[in-house]
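**Q** fold the following, please.
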Amino acid sequence: MNIRSSSLFATLKCLIKKPLANNRIRALQVRVIDENGKQLGVVPLQEALQLARERNLDLIQVTEKVEPAVCKLGDYGKYLYQEEKKEKQVKKPRGGELKGIRLTFNISQHDLETKANQTAKFLQKGNRVRIELPLRGRERALGDFAKEKVNKFLEILQNLVPFKAEGELKREPRGLTMIITKM
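**A** Below is the predicted model:
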């Protein structure tokens, strides 16, 4: 599939999703809702289109699943924007997002405290936090020292905010990792 055909596909997909408006509406009778949310009743499509033109608005088909189809008077562009905004809101995970904090092998005490403060902010917002300490080269042989660094970090963090570990501190090929959440 080349670039042109994929962009064409995306364009067609967007056209399929969009609600019908004005002359594209196929129903003979529609239930009309004005721009303020007040129901105007069931009217013939031509009468609803005339009403929309008089108010300089669009007639947007909100749903076709019911008989007669429900249409709303309003600005079509604004309606599409609001629907897109609602869709994005649904897709967004509420809290519980996985944030990452990366420590280093030779991290100083002050830097540990700074990272702990940042982690505390993440936990208070309801996010989960993955703590990583990558090990490179000779550092891999000093795994006990690296575990001490992570434990110091967790000690500092415990003084700031109570948390629980979702699992133990895992030794992976690239270093140490652990996921924590707020109690």
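
**Q** if you average pLDDT per helix and strand, which one of this structure comes out bottom?
**A** helix 3-17 (a mean of 54; mean pLDDT, DSSP states H and E).

**Q** I'd like the next helix or strand past it.
**A** Next along the chain after helix 3-17, taking DSSP states H and E as the criterion, comes strand 29-33.

**Q** residue 102 and residue 148, how far apart?
**A** 17 Å (C-beta to C-beta, to the nearest Å). Where C-beta positions appear, they are placed from N, C-alpha and C, glycine not excepted.

**Q** mind listing what residue 122 touches?
**A** Each residue near residue 122 by C-beta atoms under 8 Å, 6 or more residues apart in numbering is listed here: 99, 101, 129.

**Q** which of those sits closest to residue 138?
**A** Residue 138 lies nearest to residue 101 out of those, by C-beta to C-beta, at 23.5 Å.

**Q** all helices of the chain, in order?
**A** Read by DSSP state H, the chain holds these helices, from start to end of the chain: 3-17, 45-54, 76-91, 109-124, 143-160.

**Q** quick one, domains of the chain?
**A** With automatic domain parsing serving as the domain definition, the record reports that the chain contains domains spanning 17-91, 98-182.

**Q** could you tell me the least trusted of the ones you listed?
**A** Per-segment confidence across these bottoms out at domain 17-91, which has a mean of 85 in mean pLDDT.

**Q** wait, isn't residue 161 in contact with residue 126?
**A** No. Counting by C-beta atoms under 8 Å, residue 161 does not reach residue 126; the two are 11.7 Å apart.
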